[in-house]
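[1] Predicted model and sequence follow; I will ask about them next.
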Amino acid sequence: MDVLARLDRYQRRHRWAGMPLAVVYKFFDDQATYLAALMAYYGFVSLFPLLLFLVAILSAALHGNPQLQHSVLHSALSQFPVIGDQLGHNIHSFRGSGAAILVGITGSVYGALGIAQAVQHALNKIFAVPRHARPDPLRSRARGLYFLLLLAAGLCLTTALATAYSAATLFGTRQATGVRVALGVVGVVLNAALLLLSYRLMTRRKLPLRVTYGPALGAACAWQALQWGGSYYVGHVLRGATATYGMFGIVLGLLAWIYLAATVYLGAAEIIAVRCLRLWPRSLLTPFTDHVHLATGDVRAYRSYAATESFKGFEKISVRFGDPPPPAVGDKGAP
């Protein structure tokens, strides 16, 4: 226990050790894994119909220019490496199909509004927005439409960058490498800007720019890594698989990919929340026992959790902390 006490005192005094610990504790306090699973469900429901709709529209719009059609479609689908390759190889089966457009519109609206609601719920919980301060069902769906427009704009911009990236081979080898590196950096910065805007749009709490740009940039880099990982999964794990195994691999891979993306998104939000709400330092043993003296970050966190559940503006919630109970018999005590 003396070792734990020394570790606890050390991480409370040093931000580089205490801040990551506070983020991890808040991540599990908020049950962010379940929030990410909810986002993954709606993302899974909406993603395939949305891509189907996108492919059908672009196929019809660019029907007169097959080369441009191929370049734009594969650049757009490359943003979703697990399922995008499968759609890209089977474009001919539903080019301009009215059924594809109908399925795309219906599934995308349902799933996209669902994921917008899930994102709002998750962020408002993470940033400790009281329930009475959150938008009503109509305003939250209107805000969700803004979120969808932001996603659509981001997809268009990233598709344009991906198309330019694939066209970089027109230059010489050295020039092409420089262009691709520059476009990759621009893509990461663009994704970071989109993430930052989504955090500010989908929560009612004001988030200072100085505490948001760093985590958003980190999340954008992680998103790029997920894209590479998805491409590797398709190119090395699913290549040569049987039809049955390949179908299960696609479904499970897509679910896992969306879940990881949602976890990255919420993880960055937790970092912003800990910095914005000043939820550091935390006690090392606070999730495991009551025999612990709470740190200032613990007190702020537990008070915010109670205030978050306030349903009415005139509902008053106060939180008091007594002395921790004495250690159990045979226990040498806790820090």
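    Nice, thanks for sending it over.

[2] how close does residue 191 sit to residue 160?
    Note on residue 191: its distance to residue 160, by Cβ to Cβ, to the nearest Å, is 13 Å. Yep, even glycine has a C-beta here, placed from its N, CA and C like the rest.

[3] Looking at the two, which is more packed in?
    residue 191 (24 against 15; other Cβ atoms under 10 Å).

[4] Pull out the buried positions in the helix ranked longest in the chain.
    Scanning the chain for the helix with the most residues, using DSSP state H, yields helix 243-276. The neighbour-count check on helix 243-276 (16 or more other Cβ atoms under 10 Å) flags 246, 249-250, 253-255, 257-276 as buried.

[5] Following the chain onward from it, which element is next?
    Using DSSP states H and E, the helix or strand that follows helix 243-276 in sequence is helix 296-308.

[6] So for that next one, mean pLDDT?
    Averaging pLDDT along helix 296-308 yields 94.

[7] cool, and stretch 30-50?
    For stretch 30-50, mean pLDDT is 85.

[8] Dump it to PDB, restricted to CA.
    Extracted as PDB, the C-alpha positions of stretch 30-50 are listed here (Å, rounded to 0.1, in the frame of the first residue of the first chain):
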ATOM      1  CA  ASP A  30     -19.300   7.700 -18.700                       C
ATOM      2  CA  GLN A  31     -19.600   4.100 -20.000                       C
ATOM      3  CA  ALA A  32     -18.200   5.400 -23.300                       C
ATOM      4  CA  THR A  33     -17.700   1.900 -24.600                       C
ATOM      5  CA  TYR A  34     -21.500   1.500 -24.600                       C
ATOM      6  CA  LEU A  35     -22.000   4.900 -26.100                       C
ATOM      7  CA  ALA A  36     -19.500   3.900 -28.900                       C
ATOM      8  CA  ALA A  37     -21.500   0.700 -29.400                       C
ATOM      9  CA  LEU A  38     -24.700   2.700 -29.900                       C
ATOM     10  CA  MET A  39     -23.000   4.900 -32.400                       C
ATOM     11  CA  ALA A  40     -21.600   1.800 -34.200                       C
ATOM     12  CA  TYR A  41     -25.100   0.300 -34.500                       C
ATOM     13  CA  TYR A  42     -26.600   3.400 -36.100                       C
ATOM     14  CA  GLY A  43     -23.400   3.800 -38.200                       C
ATOM     15  CA  PHE A  44     -23.700   0.300 -39.400                       C
ATOM     16  CA  VAL A  45     -27.400   0.800 -40.300                       C
ATOM     17  CA  SER A  46     -26.700   4.000 -42.200                       C
ATOM     18  CA  LEU A  47     -23.300   3.400 -43.800                       C
ATOM     19  CA  PHE A  48     -24.100   0.800 -46.400                       C
ATOM     20  CA  PRO A  49     -27.300   2.400 -47.600                       C
ATOM     21  CA  LEU A  50     -25.500   5.800 -47.700                       C
END
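
[9] when you give positions from now on, start the count at 18
    Sure, I'll start numbering at 18, so the last one becomes stretch 47-67.

[10] in that stretch, what counts as buried?
    Neighbour counts using 16+ other Cβ under 10 Å place 47, 49, 52-67 of stretch 47-67 among the buried residues.

[11] which residues in this structure form helices?
    19-30, 32-46, 49-78, 83-94, 98-105, 115-143, 154-183, 190-218, 230-249, 260-293, 313-325.

[12] closest to residue 304 out of the ones you listed?
    helix 32-46 (6.1 Å; Cβ to Cβ).

[13] Could you name the helices and strands sitting against the closest one?
    Contact analysis of helix 32-46 by 3 or more Cβ pairs under 8 Å, 6 or more residues apart in numbering; DSSP states H and E lists helix 19-30, helix 260-293, helix 313-325 as its packing neighbours.

[14] Apply 6 Å and report the result again.
    In terms of contacts (3 or more Cβ pairs under 6 Å, 6 or more residues apart in numbering; DSSP states H and E), helix 32-46 is packed against helix 19-30, helix 260-293.

[15] looking at the ones you listed, which is closest to residue 224?
    Relative to residue 224, the nearest member of the helices and strands packed on helix 32-46 by Cβ to Cβ is helix 260-293, separated by 6.0 Å.

[16] what's in contact with stretch 217-226?
    Residues from elsewhere that reach stretch 217-226 (Cβ atoms under 6 Å, 6 or more residues apart in numbering): 136, 137, 140, 141, 144, 146, 150, 164.

[17] and it, what's its mean pLDDT?
    90.

[18] Just the buried residues of it, please?
    For stretch 217-226, the neighbour count (16+ other Cβ under 10 Å) marks 219, 220, 222, 224 as buried.

[19] Tell me who's in contact with residue 311.
    residue 300.

[20] Please read the previous query as pertaining to residue 326.
    Neighbour list for residue 326: empty [criterion: Cβ under 6 Å, 6+ apart].

[21] Just the closest of the contacts of stretch 217-226 to residue 328, please.
    Using Cβ to Cβ, the shortest approach to residue 328 within the contacts of stretch 217-226 belongs to residue 150, at 10.4 Å.

[22] Low-confidence regions, the stretch 68-217 of the chain specifically.
    68-128, 176, 179-193 (pLDDT under 70).
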